[in-house]
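# Generate coordinates for the sequence data below:
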Amino acid sequence: MKKLLIAAAVSAALFAGQASAQMYVGAGVGSSKNDNREDSWKLYAGYQFDRTWGIEGAYTDLGKYQGADVESWSLAGTGTMHLNEQWSLIGKLGASTNRADFAGASDHTDVLVGLGLGYSFTKSVGMRLEYEDLGKLSDAGVGNSRGKNLSLSLKYGF
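Residues are numbered from 1 along each chain as shown. Just a heads-up that it's a prediction; the model follows:
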């Protein structure tokens, strides 16, 4: 899945038009809701094709699930609705591969859905407040726990 995420991001960057295009990277911290509330952190990179549409890959450490570390790799299309020059609403739809590190657990790929609010300090620097549902965390384990994450991040475009 990691190779697929990298290949998709590189392909998107190579074939996209250059008008209003921008690559970006970001990092953030937050709180995840698995079977407990946990601290989380994430790293992401993306390509904004134009003012509205983009693609983004991310790694999210969701803390613990059933006492074991859990992480998520994701690839999503993004849509941005600008409210004014600084504020925007962000939507995401894509796929995530979730991995819980306990005996009998296997990777689980599921739908990723996200919604966020962005603020631009400058053309290159901004921040985001995002909520993401990363889907079911594992095919093994008790119940049907889903990975949900609320994060605040800084973003740098170049």
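# Report the separation between Gly57 and Tyr44.
The spacing between Gly57 and Tyr44, counted by CB to CB, to the nearest Å, is 7 Å. From N, CA and C alone the C-beta is placed, and that goes for glycine too.
# Need the residue closest to the centroid of this structure.
Ala58 (4.7 Å; CA atoms, centre = their mean).
# tally of neighbours for the residue nearest to that one when sequence neighbours are not counted?
Using CB to CB, 6 or more residues apart in numbering and skipping residues adjacent in sequence, the residue nearest Ala58 is Tyr44, 3.8 Å away. Using other CB atoms under 10 Å, Tyr44 has 21 other residues around it.
# Please apply the same query to Gly67.
Neighbour count of Gly67, defined by other CB under 10 Å: 10.
# Surely it is in contact with Ala100?
No: at 9.7 Å, Gly67 does not count as touching Ala100 under the criterion of CB atoms under 8 Å.
# picking up where we left off before, show me what the helix or strand where the residue nearest to Ala58 lies is packed up against.
Element membership of Tyr44 [criterion: DSSP states H and E] is strand 37-48. When contacts are defined as 3 or more CB pairs under 8 Å, 6 or more residues apart in numbering; DSSP states H and E, strand 37-48 sits against helix 2-15, strand 22-33, strand 53-65, strand 68-82, strand 146-157.
# one more time with 7 Å, if that's ok
On a contact count with 3 or more CB pairs under 7 Å, 6 or more residues apart in numbering; DSSP states H and E, strand 37-48 meets helix 2-15, strand 22-33, strand 53-65, strand 146-157.
# any low-confidence regions in this structure?
Within the chain, the set of residues satisfying pLDDT under 70 comprises 1-20, 140-144.
# now the closest residue to Glu38 other than its chain neighbours: how far from Gly157?
Spatially, and ignoring its direct neighbours in sequence, Glu38 is nearest to Gly63 (2.6 Å; CB to CB, 6+ apart). Distance, Gly63 to Gly157, using CB to CB: 28 Å.
# Of those two, give the one with the bigger neighbour count.
Gly63 (21 against 16).
# Please name the residues that touch that one.
By CB atoms under 7 Å, 6 or more residues apart in numbering, the residues touching Gly63 are Ser32, Asn34, Glu38, Asp39, Ser40, Val70.
# If any of those residues are buried, give me the PyMOL selection for them.
Buried members of the contacts of Gly63, defined by 16 or more other CB atoms under 10 Å, are picked up in PyMOL with:
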select buried, resi 32+34+38+40+70
